[in-house]
Every structure is written in C-alpha cells, then in structure tokens.
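1. Predicted coordinates and the sequence they were generated for:
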Amino acid sequence: MHPGDAALEPESTVETSERLTARVQDWMDDGAAGARAGGIGKHPYFEQVRGSLEGALARTEGGDAHALGIQNPVAGILKNYQQAAEEYGHTGNPGGSPPSGPLHSEQLAERLKDEPSARQMRLAAQARETLDALNNRAALFTVILEVRQARSGELLEAKLTEPSGNSRFDAFVLRVVPGALGTLAPPPGEALRGRDFLRTQWQVEGWLYTRKELMEAVSSLASGQLMLPVDLLLKPSDPERPRFEYRARLLKVY
C-alpha cells in the first residue's frame, strides 16, 4: 500500500545494534545514578533540598487533604488494605514491614492464654495493630519528580516522570517546586562532576493519616472484622481534618 516508504522498511543490523546499545546505556546510567544517590546523596546539600521541598509542600496553601479532593478520611487505609489483599492473593503474604518485637495482642495471648474474658481484649488489640500497620504501610499518592539545576543553583526544569494518578496532587507538587528549590545554594562540585547542570530524581509522597478517634473506635470493635461505623467516617461538621504529610526521598543523581 505504501511502496518505497522508508519508515516501513525493516531495521538494518546496524540500526538494531545502535538501538539496543542506547537502551543498555540508559539502564547503566540509571543504575549508576541510583548508586550515586546512595553515596553523594548523604551530602548536606541534598538534605537541604529535601528539607526545603518537604517544608514548602507542607506550608503552601492548597496541599491539604480537602484541597486535594480527598473526601474519605480513611482513604489511605482502604487503599493499603486493597493492596495488601491483592498481594496476599498473589504471594500468600500481605507484605509490609515485619514488627520489631512482640505485638500487644501476642503479649496478651502469652500472658492470658485462652481465658474467655481475654478474647475481646485480644481482638481489639489485633484490630488496632492491623489498622496501624495499614495506616503506615504506604503513601496515598506517589510521584517521581525530575529536577535540573544550573551550576549556580538556579532551577532549570522540573517535571514528573511518573504521575500519581491524582491530577490535583501532581499539579500541586509542580506548583510548589519553583518556590522551594529556586533559591538554593549552588550544588556541590562532586555532584556536578564538571558538568553545567545537576540532574536528580526524587520520590515525593503524600501520606494520609486517619484521625485518632476513628482509629480508637475501630480498635474497640471485638468482631474481628475491619468494619468502620459510618457515622464516624463522614462527619461534615467535624472541624478536625485528616493529617496529610509530605515526604521526599532522593532516588538518583545523574
């Protein structure tokens, strides 16, 4: 249908080799950038960048849960519960970090054994432990932010290479970056390595934490199921909003 169209011609051996070489080089560059972040990333300069970014995200108007369109105060727990259930279905393990020591429910079981009067206490403790684990399992939103800075420290470019899925969160992060990183000191020479600009990648997370009263209400249930009372979930007159926290972590230094 398109005789002579060069775009439809198969790749030559040289073209295939060049394409694969470029791809392998990209992988090597990414691997080296990740390793470099583990070394030079401990430099006080990058701690300053992280602190400036997190501080600006926390202080800037429009970055709280309500402004980001989060209506459900337990959205973080529900998301993590779904992810844990899916991971359990695939691997038989819900994932998450193992406890650092004996849990309260385990201590109760060891101390009180199978006494009938202790059953409700153990179930309530297990419910609270489960919710605490889900509340701290993973961020509600995560983006990968790529930043380019000049030798002077001037911000040249900021873009998201991986969005979060929430357009408000993504737009808020990009809106805050220029003010947070636009007045920093020049990057250290060992990070620049003789180049005219510094390119870094950051993982920026938004964590939603459930109100204490909801956690206490759920932990007091002795049914053994993660059931939340509807009247506590959505209280439009409640002045206390869920706490929304920002965290940033350096991933790569190119």
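-> Structure's in. What do you need? Numbering: from 1, shown residues only.

2. mind listing the helices for the stretch 101-250 of the chain?
-> Using DSSP state H, counting those that start in this stretch, the helices assigned to the stretch 101-250 of the chain run over residues 104-112, 119-135, 167-181, 189-192, 212-219, 230-233.

3. so which of the ones you listed comes closest to residue 57?
-> When the helices of the stretch 101-250 of the chain are compared by CB to CB, helix 167-181 sits nearest residue 57, at 5.4 Å. For every residue, glycine as well, the C-beta is placed using N, CA and C.

4. Okay, buried residues for the closest one please.
-> 169-170, 172-173, 176-177, 180-181 (16 or more other CB atoms under 10 Å).

5. of all those, which comes closest to residue 5?
-> Using CB to CB, the buried residues of helix 167-181 come closest to residue 5 at residue 170, 38.6 Å.

6. ok, that closest one - contacts?
-> Neighbour list for residue 170: 143, 160, 163-164 [criterion: CB atoms under 8 Å, 6 or more residues apart in numbering].

7. Also residue 137?
-> Contacts of residue 137 by CB under 8 Å, 6+ apart are 80, 83-84, 95-96.

8. count of neighbours near residue 70?
-> With neighbours defined by other CB atoms under 10 Å, the count for residue 70 comes to 21.

9. just to revisit the earlier point, most neighbours, which of the contacts of residue 137?
-> residue 80 (23 neighbours).

10. Within the helices and strands, which one has it?
-> Following DSSP states H and E, one finds residue 80 within helix 75-91.

11. Kindly export that helix (C-alpha atoms) in CSV.
-> Once non-C-alpha atoms are left out, helix 75-91 reads as follows in CSV (Å, rounded to 0.1, in the frame of the first residue of the first chain):
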residue,chain,number,x,y,z
ALA,A,75,-8.8,6.6,52.0
GLY,A,76,-5.2,5.7,52.9
ILE,A,77,-6.2,2.7,55.0
LEU,A,78,-8.6,1.4,52.3
LYS,A,79,-6.1,1.7,49.6
ASN,A,80,-3.4,-0.1,51.6
TYR,A,81,-5.9,-2.8,52.6
GLN,A,82,-6.8,-3.4,48.9
GLN,A,83,-3.1,-3.6,48.0
ALA,A,84,-2.3,-5.9,50.9
ALA,A,85,-5.3,-8.2,49.9
GLU,A,86,-4.1,-8.3,46.3
GLU,A,87,-0.5,-9.1,47.4
TYR,A,88,-1.8,-11.8,49.7
GLY,A,89,-3.8,-13.3,46.8
HIS,A,90,-0.7,-13.4,44.6
THR,A,91,2.0,-14.4,47.1
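
12. among the contacts of residue 170, which ones are buried?
-> Among the contacts of residue 170, the ones that count as buried (16+ other CB under 10 Å) are 143, 160, 164.

13. out of those, which are inside strands?
-> If you go by DSSP state E, these have 143, 160 in strands.

14. Columns distance to residue 192 on top of the buried ones among the contacts of residue 170, output as TSV?
-> Rendered in TSV, the data for these read as follows (distance: CB to CB, whole Å):
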residue	distance to residue 192
143	25
160	24
164	30
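
15. List just the nearest of the buried ones among the contacts of residue 170 to residue 72.
-> Here the nearest of those to residue 72, counting by CB to CB, is residue 164; it sits at 16.5 Å.

16. who touches stretch 244-253?
-> 30, 33-34, 36-37, 40-41, 46, 49-50, 53-54, 57-58, 63-65, 68, 70, 139, 144-145, 191, 198-209.

17. give me the number of residues near residue 93?
-> 9.

18. That one looks like it's in a helix, true?
-> No - counting by DSSP: H, G, I helix; E, B strand; the rest coil, residue 93 falls outside a helix, being coil.
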